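> Quick one: sequence and predicted model below, then my questions.
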Amino acid sequence: MRLGVVARLDVEEAVELAGKIVEFLLEKNVETLLDSELASKLNKYKNIASDLKDMDVDMVIAVGGDGTVLRTQGFINKKKIPLFGINMGAVGFLTEIDPDETLTALEQVLDGNYFVEKRTQLQVWHNKELHSALNEVVLMTQKPAKMLHIEISVDDEVVEELRADGIIIATPSGSTAYSMSAGGPIVDPRVGAFIIVPICPFKLGARPTVVPDDSVIKVKFLREGKKAVAVIDGQLEEEINYMDEMIFKKSDDSAYFVRLTKNFYRRVREKLQGDV
């Protein structure tokens with residue numbers, strides 16, 4: 001087995017833990033690569049460093065929060081490489097274990113005692129195909145306190161026309177992120193669905209909507225002079241203009257996660273009960 005290691009670089013503890021993971025894997029004679037930026041930060045292991053986009057491995061260990069997982073997934077999107085997340089972030093919904101479980105969990109992985117979970121992604125179009133979204137796409141006005149005027153349709157049937165601060169198109173994976181904060185439902189990742197959630201709609205009847213994941217969702221921007229921005233998984237931005245249309249549908253490329261237990265609902269209870 002060949003393993004890759006990446007980490008968030010703005011938290012010293014995450015970098016140190018990543019260094020311990022590399023040391024542990026090398027002692028076990030596991031073929032290991034680490035992200036070149038991480039190697040520079042550690043100031044060692046440069047002989048086994050690789051740019052993340054070029055990493056050809058059987059599994060990537062990501063040390064960080066959900067942002068680190070989303071960023072890493074963006075680089076390995078089409079390679080079907082499973083991600084094993086170790087939480088060094090605030091919530092870490094996409095990660096699998098906490099830092100104090102790291103070495104025990106790695107022993108379990110090296111022994112083959114794990115399974116791979118498949119997660120749906122969104123394919124995003126605006127004049128051309130953009131990057132896929134694992135969690136969500138947030139469409140919002142470029143200027144604070146200025147509403148967008150948008151039309152939402154599903155499979156060419158108009159669902160809603162409204163004014164709002166923005167709108168979120170989320171996958172089940174993203175249902176526990178920004179979508180939930182904006183009033184959307186939590187959706188079990190085994191459910192084939194997408195979620196459409198208006199952000200502060202100026203319309204009493206506008207509510208979150210769950211649609212089948214074989215739907216084609218279109219959002220059209222109707223207000224002249226109002227530019228919007230689409231933010232994909234909090235990582236990438238795309239400027240949207242008047243009368244532009246964005247299209248969303250299920251991506252052919254899924255995301256894959258290394259799991260040790262089937263614990264979605266335990267994770268929901270533990271991570272969402274009264275935490276910041």
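Good, I have the coordinates.
> What strand or helix carries the closest residue to Ile217 other than its chain neighbours?
Spatial nearest neighbour of Ile217, chain neighbours left out: Phe248 (4.3 Å); criterion: CB to CB, 6 or more residues apart in numbering. Heads up, the C-betas are built off the backbone N, CA and C, glycines and all. Per DSSP states H and E: Phe248 is located in strand 245-250.
> now the end-to-end length of stretch 82-95.
End-to-end distance for stretch 82-95, by CA to CA, to the nearest Å: 12 Å.
> ok, now how distant is the residue nearest to Ile217 from Ala193?
From Phe248 over to Ala193 the distance is 13 Å, taken as CB to CB, to the nearest Å.
> for Ala230, same thing?
If you go by CB to CB, the gap between Ala230 and Ala193 works out to 21 Å.
> Neighbour count: these two, which is higher?
Using other CB atoms under 10 Å as the criterion, Ala230 and Ala193 rank with Ala230 on top: 23 against 19.
> who's in contact with the more buried one?
Shown in contact with Ala230 (CB atoms under 8 Å, 6 or more residues apart in numbering): 124, 126, 130, 137-139, 237-238, 240, 246.
> Please, a ChimeraX command that selects the buried ones among those?
Per 16 or more other CB atoms under 10 Å, the buried members of those correspond to this ChimeraX selection:
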select :124,126,130,137,138,139,238,240,246
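> how about a markdown table for the contacts of Ala230, with distance to Glu23, pLDDT and secondary structure added?
Output for the contacts of Ala230, formatted as a markdown table (distance: CB to CB, whole Å; pLDDT from 0 to 100; DSSP: H, G, I helix; E, B strand; the rest coil):
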| residue | distance to Glu23 | pLDDT | secondary structure |
| --- | --- | --- | --- |
| Val124 | 39 | 97 | strand |
| His126 | 44 | 96 | coil |
| Leu130 | 39 | 92 | coil |
| Val137 | 39 | 98 | strand |
| Val138 | 39 | 97 | strand |
| Leu139 | 44 | 96 | strand |
| Glu237 | 37 | 95 | strand |
| Glu238 | 40 | 95 | strand |
| Ile240 | 46 | 94 | strand |
| Met246 | 45 | 97 | strand |
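> and which of the contacts of Ala230 is nearest to Ala206?
Leu139 (14.3 Å; CB to CB).
> ok, for Lys78, nearest residue in space, not its chain neighbours?
The nearest residue in space to Lys78 (CB to CB, 6+ apart) is Asp253, at 5.4 Å.
> Shouldn't the one you found be within a helix?
No: counting by DSSP: H, G, I helix; E, B strand; the rest coil, Asp253 is not part of a helix but coil.
> And the pLDDT for it?
Note on Asp253: pLDDT of 94.
> residues contacting it?
If you count contacts by CB under 8 Å, 6+ apart, then Asp253 has 77-78, 80, 121, 132 around it.
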